[in-house]
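**Q** Just need the structure, nothing else, for what follows:
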Amino acid sequence: MAYDAAGVERAVRDLIVAIGEDPEREGLVETPARMARAWAEIVGGLQEDPSEHLEKHFRVEHEEMVLVRDISFYSVCEHHLLPFFGKAHVAYIPRNNTVTGLSKLARVVEGYARRPQVQERLTSQIANALVEKLSPQGACVIIEAEHMCMTMRGVSKPGSRTVTSALRGIMNSPATRQEMMTLVMGGRG
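**A** All right, here's what the predicted structure looks like:
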């Protein structure tokens, strides 16, 4: 399905009315158009297959862990359409000396995050894409995020973070898992 900016504008205008506001009030007149532009970015990952970023490979004599840590991301909880955001830590152990560009790992995170999402699925989608496109010995994704649906409403617990992980292949071995955790925590308390 293609993004429908005019439909988003209509929906936002209806929302403004539904919450008891005047969509013709000076501060709100342009809000539907602004939100349509913003949501085009927020859900831009729906218009792509993020795993395609991993199709570019290089031959490098390296079959030890590759980790890009602290990849910032922003997403939207599909249950409340409120933001969640945090850091992704993405690692893999190459097979047959095949690696991908480091920025490609961040692009995969970005692509899957930019869609209505749940953190658990986001974590698995990134790990599965690594396995599918790179055929590594193992892959691991750890995501730490704060959810505005827990911060702004409901239980109202700002600062609480949810951590999810997805381990594939050799990353499931206790020693490799411990190495990954040590590298991710990297001196943090």
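**Q** Which residues are in contact with residue 139?
**A** Counting by Cβ atoms under 8 Å, 6 or more residues apart in numbering, residue 139 touches 91, 92, 93, 127, 130, 131, 166, 167, 168, 169, 171. Just so you know, the C-beta spots here come from the backbone N, C-alpha and C atoms, and that holds for glycine as well.
**Q** That one belongs to a strand, doesn't it?
**A** Yes. Secondary structure of residue 139 (DSSP: H, G, I helix; E, B strand; the rest coil): part of a strand.
**Q** Could you export the contacts of residue 139 as JSON lines, including distance to residue 64, neighbour count and secondary structure?
**A** Compiled in JSON lines, these are given as follows (distance: Cβ to Cβ, whole Å; neighbours: other Cβ atoms under 10 Å; DSSP: H, G, I helix; E, B strand; the rest coil):
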{"residue": "91", "distance to residue 64": "11", "neighbour count": "25", "secondary structure": "strand"}
{"residue": "92", "distance to residue 64": "10", "neighbour count": "28", "secondary structure": "strand"}
{"residue": "93", "distance to residue 64": "7", "neighbour count": "22", "secondary structure": "strand"}
{"residue": "127", "distance to residue 64": "19", "neighbour count": "25", "secondary structure": "helix"}
{"residue": "130", "distance to residue 64": "16", "neighbour count": "27", "secondary structure": "helix"}
{"residue": "131", "distance to residue 64": "18", "neighbour count": "17", "secondary structure": "helix"}
{"residue": "166", "distance to residue 64": "20", "neighbour count": "21", "secondary structure": "strand"}
{"residue": "167", "distance to residue 64": "17", "neighbour count": "18", "secondary structure": "strand"}
{"residue": "168", "distance to residue 64": "17", "neighbour count": "18", "secondary structure": "strand"}
{"residue": "169", "distance to residue 64": "14", "neighbour count": "19", "secondary structure": "strand"}
{"residue": "171", "distance to residue 64": "13", "neighbour count": "23", "secondary structure": "helix"}
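**Q** Widest-spaced pair of those?
**A** Across the contacts of residue 139, no pair lies farther apart than 93 and 166, at 14.6 Å, counting by Cβ to Cβ.
**Q** what bridges to residue 143?
**A** residue 88, residue 164 (DSSP bridges).
**Q** what sits up against the helix or strand bottoming out on mean pLDDT in the chain?
**A** Between all helices and strands in the chain, the lowest mean by mean pLDDT, DSSP states H and E belongs to helix 174-185, at a mean of 87. Contact partners of helix 174-185, identified using Cβ under 8 Å, 6+ apart, comprise 65, 67, 69, 89, 91, 93, 138, 140, 142, 167, 170, 171.
**Q** could you list every residue that touches the fifth one?
**A** Read it as residue 91. Going by Cβ under 8 Å, 6+ apart, residue 91 touches 65, 66, 67, 68, 139, 140, 141, 171, 180, 183.
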